[in-house]
Every structure is written in structure tokens, then in C-alpha cells.
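Sequence and computational prediction follow.
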Number of protein chains: 2
Amino acid sequence: VSVKPCRRFALPAGLDTPVPVVDIEVLDANVGRMAAAMKARGVALRPHFKTPRMLEVARRQLDAGAVGITCATIGEAEALMASGVGDVFIAYPVWASEPKAARLARLLDLPGKLTVGIDSLVAARQLANGLAGCGRSPAVLVEVDSGDLRTGVRPERAGELARGVIELGLVVDGVFTHGGHGYEPDCSDEAADDEVRSLEAAAASLRNSGVQASVVSAGSTPTALRSARGAVTEERPGTYVFGDWQQVMLGSCRSDDVALVVASTVVSMSVAGQFVIDAGAKALSRDRPLWLNGHGCLPSYPQAVISRIFDHHAVCQVPPGSAMPAEGDVVAVVPNHVCPVVNLARNVVVTRNGEAIARWDVVARSI
Amino acid sequence: VSVKPCRRFALPAGLDTPVPVVDIEVLDANVGRMAAAMKARGVALRPHFKTPRMLEVARRQLDAGAVGITCATIGEAEALMASGVGDVFIAYPVWASEPKAARLARLLDLPGKLTVGIDSLVAARQLANGLAGCGRSPAVLVEVDSGDLRTGVRPERAGELARGVIELGLVVDGVFTHGGHGYEPDCSDEAADDEVRSLEAAAASLRNSGVQASVVSAGSTPTALRSARGAVTEERPGTYVFGDWQQVMLGSCRSDDVALVVASTVVSMSVAGQFVIDAGAKALSRDRPLWLNGHGCLPSYPQAVISRIFDHHAVCQVPPGSAMPAEGDVVAVVPNHVCPVVNLARNVVVTRNGEAIARWDVVARSI
């Protein structure tokens, strides 16, 4: 695949590397572009919080028109709702035993709406029983598998499950899916179609079971902007907000639209033909689909390949004759997958025109 | 390779999964066994803190006879020295520009001894210049490559580098290496020998350059306990304290000696032949050497393979006819590589005989 190298990132001086650096103008452009696309289509946008994990980003997405926020964990929902976000969907098959049931009960005491995913009747029963004492319950979306074979029931079974959930006294708002199988080269179009087909079949299954449901929720960054989204009423992309090398290579993000890099320092050049940076797996993560060459992209050294990664080092191999940095240079790395990278950081440096203007905290790490 | 499955781990009830759980008796046995082996050999033990990242563990290692602690980052050294650990070695080619130089200067104001790694004269010059204002400097160990081709000079160049470092006004205490190429099946013996050979050549190079140096520091968990350690005066293993699936498969740790598992909940069984747990890559990391089958080991379901891992889900494939858990069950996972797993957690649950007795905080995550 021939891909333009990522735009060079202007890094402020004096960074304590390794640290993620966000270009706020690129971020805002990404936020605005997705919001405009969804508005033009008349579809609700509910961005996934597992990518940014920063309240400042969620606020910008809501200000741009997002109807609410998606998240993966109760901890993320706690951070969001405590900060005043009024409509949160935990797009995850929550198992509501203690202490998670008590945490959900506390969330239900906050103002706003909470929705959770369910993909089995036993999980729904656990939810109803776990929250029986608190007198409230979250709304439910039934998770449907659209080809990723991870979680979610088959579309034709959605109606039966929805009926069972309703009989437990819970409210079913609709169905959702995640076409995760679109994270492969040349698979995004098919995964996008699979999402639509599966959701439409699931919505029909609900209707056939006599369940009224308004939400038909799809999405991932590779599929959200594809055309022909049929009955989909809501999209939940996450990664679009920063982009990453995987999304660039999938064609879901232009290389100029990457809004986050990991600033790292060249700490060793002892071995010929390579340089070593201090952004190891504890900064870049080990996420590397087998079809991606290396552990990230170095915009200033496009010939270099991050060939090996360790907890605190990454080895960048450089072909003979290509440019090399000097020891102590600070270089930007576009990570393969930005979601775990943000989760590994305490906070990020926010820049405008290469100047540091803020630090944003990463919240709800690993809870 | 035929390996006994890991011992089943007794998990306390009511865990908020995913969360690491430590068996304190196995931990203490691991701490004691390595300490006794090093004492018997007359070699100093300086365990690596990048594995446990918990002050309670470092304290137990010191109480068992460790001479000091090894770490990878200034943040780890800050946590250790602030808690009173009096002899810390940052086994990393520190680049002492600001703000790291100021952080090192503050460490030098604390009681105790600080040592850093150096593998180039430019880095040593940066260290001397960066700390020129504070009137103190850390001791230096010269890093030597022993075959991993990551960082460190060739052994025969160690003396020349040491001389240059001394001319900058710094004190060189000796040489160190990490035989990271021992992290492959059937490579540990050779890597152990490479460490010894390289360190002895480096020590000879220092002597030939007229540099008196007493420390000859090697080590990693796969190599520390090998025999014939020649001139080595100090070992720096880290992973031995908890063990992990990789170390079991390398033969560096018995399956009964794994002291840490990630407790996770079965959250979905929608797809036939598999179950999905809530310990995804944000709990287990993505560390998987290509020679390891899957993303961890499930002691209670030894036939299951963690075939796919996502940020917040892991898919466990089970052959037909094998035992399956039920939804909501809490299952233990022995991670492939424990170091990034601890770094992903806020704290761990400490157990004795399956009862939770404490929570230990993970410190200096990602700093």
C-alpha cells in the first residue's frame, strides 16, 4: 500500500518524554468533520470515550453536536456522569454482580440517562436482580453480532432476547453492534454493510416480537463514514478523534488528520543502522496487526521501521543511507492504535502551532 | 513443549474485575528463593522494579537481602527513593535534558545512592552538563551489549567509554548488560553465557584503560539462575517475583510459582465454542511472543486458548467437549508477560489462602 507519510508534528521544547502530544487544531477539525457528516446524514453521533478518555475531548464532541457518549467500562461512565455528561451508553455486556451493581446503582442516582448493553438473558437477569434494591435500572440495548464473532446475539435472535429482557422489567431502547471485522485492509466496506444488514435484521426481529425500539446503533471509525447506512440511527466511532497509523493504513483517516503523537527521545545509537527511543510498550503499547510493518510510524524518519519494542525501549531500524536523528533528539511517533496509548498516559500535552497550551488528564484508566 | 498447566488460583469473592490478584505466600517464596540463591553464590541481588512497581514488594526484597533496587525510569527511582530505598540503579541510558535533569538533581538531594546507565559519551556529556548546576552527580555503570543488539556498547569499547566518562568528572562503578535475547525458547543458556562473556570482556577493557571498577552487573529472570556466572558480581532479575506464562514456557519459573493472575469475569457466551472475558488488552496487554499460543493461560480451563484480544474483551476458544465456565464466573488468567500487566493496574488485590488481605498500589505508572 502506498500511503503518504504522516505530517510532521511540531513539538514544543522541554517535553518529559515519552508523552502523548495532541494538536488541538487537528483534533477540533476531526471532531467537527465527524459531527458535520452525521448531521448531514441525520444520524445521532455518540462518540466512544475509550479512545480519548479525556473530559475536555468529550465536552468538545458534545458541544459539536454529539447526543451523548459511548464508553466501555463503568469507570468511564462514572467519570463522564460525575462531570455532568447527561447521556451515557456503556456499550459492553455488563455483568452486574457486586461491586459493579452498587456502582451502577450510584450512577443511576445521578442526573441523566444511563444505558447498558446486554447480549444474554442471564446477564439481563443479573442486571435486574443486582439493581432490584435500588428501584431504578438502566435502559438496555441488545447487542447483535455483525460478523466479528466476539459478543452479541445473532440478529434473528434479538427479538426473543429483547422480549425476555422486557419481561424482567427492564426497558429495551433498541439494538447495537460493532463491526470490528472492518479493522482489516479492504474489509471496511464489507463490515459496514454487515453492520447495516445485521442491525436491520435485528430491528425486524424486535418488531416481529412486538418490541417497539427506536435506537439502531452501529459504528466504528472504519465504518461510520461509509455510505448506505440504511436504518442506522446512531454511530459510535471513537478513534476518528485522534486517528492513528492503523486508521491511516485502513483509509479511515488521512495522514494529515492524525492529531496525537507520542513524543519520545532518542536514548541510544550504540548499534549501527538503528536508533533507540524511550517510547516502549508502556507508552506505545504492543498493538500491531500482523499486516502493519512495525510498532508505529515516525513522520520525520519515514524510512525507519520500529522493528522491536520492549517495555521501555523501541528499536527503530533505518536502511543504509537514510537520515538518522542524533542522540537526545525528540521525535514524534504516530502509534499503531491510539486507544491503548492514551490509556497508558497520565495526561497529554495539548499544543497549538507547536506551543504547549494545556495538559489534559486521562481519566478512568483501567477501572 | 509439554508444560504442566498453572496451579489453580483461589480467588476471593466480590472482586471488581479485571484486577490483578497476588498470592502473598507464592510471592514471598519467590522472593526468598532468589535471595537465597544469590546469597549462596555470593552475588549481590538488585531486583528490577519495573515488574512489581509496588513499594511493598521492593521492601520485601530488601528485607530478604537485596542490596538495592534496579529501575527503568526516573519516575520509578523517585517513588523508591522517596519511600526510603537507599540504593537505586536506573538501568537505562538516561538522556539528562530538562526536565529530566532537574528531576535527577532532586533525587541527588535525597539520602542514598543513585546510579544511572550510560552507553555513549554524548549522553555522559549531557548528564554532566545537565547536572553541572547541582554540584552532585549519580554514579555511572557503562552499558554493554551482550547480543540483544538493543542498547550498550560493544564490550571491547567499554574501557574507552569509561575513560571518557571519568574525564567529564563522573564516577564509573562498573559495567552492566541485559541478555534480553534469552527470552526465546532454548536461548536462555546461550544468553546467560553471552552475558558473562561480554561482561568479562568489558571488565577487562576497563582494566586495560586503567579504570578501577567493582560492579559487573547482569541479569534477567531467564539468565540469573544459570550456573557459571564467572565475574558477575550482581544480578538484576525482575519477573521472577511474580512469574508469568512466558517464564513458565521458557523454563525460568515453575507453573506452581506464578504469584499473580488477572481475575476476570465471563461476560459473554453468545458465540458457540468460545467465552469472552472482561480482561482485554487494557488489563492483559498485547504482549505475545510469536512462539506463545494465545494471550495468556487459563489454569481452570487449560484447553482454552485466548485467541483474540481487544481493548476490553478477550475471546477464549474452547475445543468441542472441553469444560466451559458459566456467564458471570470469575476466572484467573496467567498473563504472558507480567510487567506491562502490573503497569496497567491501579492496584492489586493481595491474598493469603484465597482471602483478600490488602490492596497494594502500583506506583510510577508511565512516568
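Happy to help now that I have it.

For chain A, which residues score under the pLDDT cut-off?
Residues of chain A meeting the criterion pLDDT under 70: A:1-5.

where do the helices sit along it?
A:24-41, A:55-63, A:74-82, A:100-108, A:121-130, A:158-167, A:188-208, A:221-224, A:245-250, A:281-284, A:338-343 (DSSP state H).

Single out the most deeply packed of the ones you listed.
Mean neighbour counts were taken over the helices of chain A using mean count of other CB atoms under 10 Å in any protein chain shown, and the top value, a mean of 28, falls to helix A:221-224. Yep, even glycine has a C-beta here, placed from its N, CA and C like the rest.

what's around residue A:12, how many residues?
Neighbours of residue A:12 under the rule other CB atoms under 10 Å in any protein chain shown: 16.

So it versus chain B, what's the distance?
Computed as CB to the nearest CB, to the nearest Å, the residue A:12 to chain B distance reads 12 Å.

For the closest residue to that residue other than its chain neighbours, give its distance to residue A:169.
Of all residues not flanking residue A:12 in the chain, residue A:356 sits nearest, at 4.3 Å (CB to CB, 6 or more residues apart in numbering or on different chains). Counting by CB to CB, to the nearest Å, the separation of residue A:356 from residue A:169 is 52 Å.

swap in residue A:38?
Going from residue A:38 to residue A:169 by CB to CB gives 33 Å.

So which residues on the stretch 51-200 of chain A come close to chain B?
A:72-73, A:92-95, A:97-100, A:103, A:119-120, A:122-123, A:126, A:143, A:145, A:149-153, A:180 (CB under 8 Å from any CB of the partner chain).

Could you turn the buried ones of those residues into a ChimeraX selection?
The following ChimeraX command selects only the buried members of these, with burial defined by 16 or more other CB atoms under 10 Å in any protein chain shown:
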select /A:72,73,92,93,94,95,97,100,103,119,120,123,126,143,145,149,150,151,152,153,180
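
from the residues of the stretch 51-200 of chain A next to chain B, which ones fall inside strands?
Using DSSP state E, the members of those that fall in strands are A:92, A:93, A:143.

hang on, the last one packs against residue A:117?
Going back to what we said before, that points to residue A:143. Yes - taking contact to mean CB atoms under 8 Å, the distance of 4.7 Å between residue A:143 and residue A:117 places them in contact.

Give me the common contacts of those two.
Applying CB atoms under 8 Å, 6 or more residues apart in numbering or on different chains, one finds that residue A:143 and residue A:117 are jointly contacted by A:91, A:93, A:176.

What distance do you get for residue A:290 to chain B?
For residue A:290, the distance to chain B (CB to the nearest CB) stands at 10 Å.

ok, residue A:273 - contacts?
For residue A:273, the residues meeting the contact criterion (CB under 8 Å, 6+ apart) are A:317, A:318, A:319, A:320.

for the stretch 201-350 of chain A, what spans make up the strands?
With DSSP state E, counting those that start in this stretch as the definition, the stretch 201-350 of chain A shows strands at residue ranges A:215-218, A:234-235, A:260-268, A:274-277, A:305-309, A:314-317, A:330-333, A:347-352.

Compute the inter-axis angle for the longest one and helix B:121-130.
Between the direction of strand A:260-268 and that of helix B:121-130, the angle (axes from the mean of the first three to the mean of the last three CA atoms, to 10 degrees) works out to 100 degrees.

what's around the closest residue to residue A:178 other than its chain neighbours, how many residues?
In space, residue A:178 comes closest to residue A:220 once its chain neighbours are excluded; the distance is 5.9 Å by CB to CB, 6+ apart. Residue A:220 is surrounded by 26 other residues when neighbours are defined as other CB under 10 Å.

Would you list the phi and psi of the residue nearest to residue A:120 when sequence neighbours are not counted?
Nearest in space to residue A:120, with sequence neighbours left out and distances taken as CB to CB, 6+ apart, is residue B:327 at 6.1 Å. For residue B:327, the backbone dihedrals (degrees, to the nearest 10) come out as phi -60, psi 140.

List the contacts of residue A:334.
Contacts of residue A:334 were listed using CB under 8 Å, 6+ apart, and they are A:6, A:244, A:245, A:248, A:258, A:261, A:296, A:297, A:298, A:299.

can we see that at 6 Å?
When the contact criterion is CB atoms under 6 Å, 6 or more residues apart in numbering or on different chains, the partners of residue A:334 are A:6, A:245, A:258, A:261, A:296, A:297.

now those as a markdown table including distance to residue B:44?
Conversion of the contacts of residue A:334 to a markdown table gives the following (distance: CB to CB, whole Å):
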| residue | distance to residue B:44 |
| --- | --- |
| A:6 | 46 |
| A:245 | 43 |
| A:258 | 46 |
| A:261 | 41 |
| A:296 | 37 |
| A:297 | 42 |
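
and which of those is nearest chain B?
The shortest approach to chain B among the contacts of residue A:334 belongs to residue A:296, at 13.4 Å (CB to the nearest CB).

So the closest one versus residue A:163, what's the distance?
In this structure, residue A:296 lies at 47 Å from residue A:163, with CB to CB as the measure.

for residue A:306, same thing?
Looking at residue A:306 against residue A:163, where the rule is CB to CB, the gap reads 51 Å.

on that earlier part again, who's more crowded, residue A:356 and residue A:169?
Applying other CB under 10 Å to residue A:356 and residue A:169 shows that residue A:356 carries more neighbours, namely 15 against 11.

from memory the more buried one sits against residue A:349, does it?
Yes - counting by CB atoms under 6 Å, residue A:356 touches residue A:349, with 5.2 Å between them.

on that earlier part again, I'd like the helices of chain A as a markdown table, with distance to residue B:50 appended.
Compiled in a markdown table, the helices of chain A are given as follows (distance: least, CB to CB, whole Å):
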| stretch | distance to residue B:50 |
| --- | --- |
| helix A:24-41 | 32 |
| helix A:55-63 | 30 |
| helix A:74-82 | 25 |
| helix A:100-108 | 31 |
| helix A:121-130 | 37 |
| helix A:158-167 | 45 |
| helix A:188-208 | 38 |
| helix A:221-224 | 33 |
| helix A:245-250 | 26 |
| helix A:281-284 | 8 |
| helix A:338-343 | 18 |
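
just checking, residue A:61 touches residue A:49?
No - in this structure, residue A:61 sits apart from residue A:49 without contact. The criterion is CB under 6 Å, and the distance is 9.0 Å.

re earlier: using a markdown table, lay out the shared contacts of residue A:143 and residue A:117 together with distance to residue A:11.
Output for the shared contacts of residue A:143 and residue A:117, formatted as a markdown table (distance: CB to CB, whole Å):
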| residue | distance to residue A:11 |
| --- | --- |
| A:91 | 34 |
| A:93 | 40 |
| A:176 | 39 |
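
any idea which of these is closest to chain B?
Distances from chain B to the shared contacts of residue A:143 and residue A:117, taken by CB to the nearest CB, are shortest for residue A:93, at 4.7 Å.

OK, contacts around the residue lying closest to residue A:27 once chain neighbours are set aside?
What sits nearest to residue A:27 in space, not counting adjacent residues and going by CB to CB, 6+ apart, is residue A:259, at 4.2 Å. Residues touching residue A:259, when contacts are defined by CB under 6 Å, 6+ apart, comprise A:22, A:23, A:26, A:27, A:30, A:242.

count of neighbours near the first one?
Looking back up the chat, that one is residue A:22. Neighbours of residue A:22 (other CB under 10 Å): 26.

The last one now?
For residue A:242, the number of neighbouring residues by other CB under 10 Å comes to 30.

And it, how far from residue A:355?
Between residue A:242 and residue A:355 the distance, using CB to CB, works out to 19 Å.

before we move on, the earlier item: just the buried ones from the contacts of residue A:334?
In the contacts of residue A:334, burial by neighbour count holds for A:6, A:245, A:258, A:261, A:296, A:297, counting by 16+ other CB under 10 Å.
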